[in-house]
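**Q** next come a sequence and a model predicted from it.
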Amino acid sequence: LEKVQYAVLDEADRMLDMGFEPDVRRIMSQVRKDRQTLLFSATWPQEVQRLGLEFVNDPVVITIGDRANKLVANKSVTQTIEVIEDRERDSRLHQLLQKY
């Protein structure tokens, strides 16, 4: 882990909710200190902010939405689940990429 140059923590809020904070801390303590750290979270609760500030230097915060209000998931995003056969995956992905 001492050779890691980039550390990405995605869904940090969920990791904390699920009790993985000690594991995240243990891993991050073994990664080199001059790494670049990227932290992604759909929500930005105080616990995630606190954890994030411990792992970054000179952070840049990018927020989509209104920071004045409590951050919530974007209601204009529609999620769709499709159950398909493995052999159909590539062609379906290609269709979706052409469509959007």
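**A** Structure received.
**Q** residues contacting the residue lying closest to Gln36 once chain neighbours are set aside?
**A** Of all residues not flanking Gln36 in the chain, Tyr6 sits nearest, at 5.1 Å (Cβ to Cβ, 6 or more residues apart in numbering). C-beta coordinates here come from the backbone N, C-alpha and C atoms, glycine included. Contact partners of Tyr6, counting by Cβ atoms under 8 Å, 6 or more residues apart in numbering, are 35-38.
**Q** name the member of those residues with the most neighbours.
**A** Highest neighbour count within those, by other Cβ atoms under 10 Å: Arg35, with 18 neighbours.
**Q** pLDDT score for the residue of the chain most remote from its centre?
**A** Here the chain reaches farthest from its C-alpha mean at Arg87, the gap being 29.2 Å by Cα atoms, centre = their mean. Predicted confidence (pLDDT) for Arg87: 95.
**Q** Glu82 too?
**A** 93.
**Q** so what's it up against?
**A** Counting by Cβ under 8 Å, 6+ apart, Glu82 touches Arg92.
**Q** out of the contacts of Tyr6, list just those in strands.
**A** Of the contacts of Tyr6, the ones assigned to strands by DSSP state E are 36-38.
**Q** let me know the closest of those residues to Gly52.
**A** Thr37 (8.2 Å; Cβ to Cβ).
**Q** who does the closest one bridge with?
**A** Using DSSP bridges, the bridge partners assigned to Thr37 are Ala7.
**Q** ok, now how distant is it from Ala7?
**A** The gap separating Thr37 from Ala7 is 5 Å, by Cβ to Cβ, to the nearest Å.
**Q** which parts of this structure are strands?
**A** Using DSSP E, strands in the chain cover 6-10, 36-40.
**Q** to Leu53, which of those lies closest?
**A** So among the strands of the chain, strand 36-40 is nearest, using Cβ to Cβ, at 9.6 Å.
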